[in-house]
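S.K.: Fold the following and give me the result.
(one chain, ligands or ions: 1)
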Amino acid sequence: MSEISKLLSDVLGGHRLTGTEATRLLDTQGKEVFQITSAADEMRERHAEDIVTYVKNQNLHVTNICKNLCGFCGFGRSAGDEEAYCND
Ligand code: SF4
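M.R.: The predicted structure follows:
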């Protein structure tokens, strides 16, 4: 039994993935990816059957001017930026 097969078997048996194990699954390539998707589908069926839910979230942006300017953000602009806007 391969490492991935053993891990998926453990998960289907109730084992909760560690961060390292989850990373190992994310790094998997080739045919073993189908084993992962099959196991994920089995878990989905166990937990949610065929019921699909989602959250509809809407954000109305009246301005993109922001004082924080977080390093990861591609949205916020400083007040003097040529891409800044403010809809009244
Ligand atoms: S995420 Fe962007 S818009 Fe939000 S506070 Fe940070 S810079 Fe401003």
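
S.K.: Run through the neighbouring helices and strands of whichever helix in the chain runs longest.
M.R.: Scanning the chain for the longest helix, with DSSP state H as the assignment, gives helix 32-48. If you count contacts as 3 or more CB pairs under 8 Å, 6 or more residues apart in numbering; DSSP states H and E, helix 32-48 packs onto helix 3-12. Yep, even glycine has a C-beta here, placed from its N, CA and C like the rest.

S.K.: and the longest helix of the chain, which residues are buried?
M.R.: Neighbour counts over helix 32-48 (16 or more other CB atoms under 10 Å) mark 35, 36, 39 as buried.

S.K.: Run through those residues and flag the ones next to the ligand.
M.R.: With the criterion set as CB under 6 Å from any ligand atom, no member of the buried residues of helix 32-48 is near the ligand.

S.K.: that older thread, contacts for the longest helix of the chain?
M.R.: Contacts to helix 32-48, defined as CB atoms under 8 Å, 6 or more residues apart in numbering, come from residues 2, 4, 5, 8, 11, 12, 25, 28.

S.K.: any idea of the mean pLDDT in it?
M.R.: For helix 32-48, mean pLDDT is 95.

S.K.: Give me the angle between it and helix 3-12.
M.R.: Counting by axes from the mean of the first three to the mean of the last three CA atoms, to 10 degrees, helix 32-48 points 0 degrees away from the direction of helix 3-12.

S.K.: How far does stretch 20-36 sit from its chain's centre?
M.R.: 15 Å (CA atoms, centre = their mean, to the nearest Å).

S.K.: So for that stretch, first residue to last residue, what's the gap.
M.R.: The first and final residues of stretch 20-36 sit 15 Å from each other (CA to CA, to the nearest Å).

S.K.: For it, buried residues please.
M.R.: So for stretch 20-36, counting by 16+ other CB under 10 Å, buried means 21, 25, 35, 36.

S.K.: Same check on stretch 8-20?
M.R.: 8, 11.
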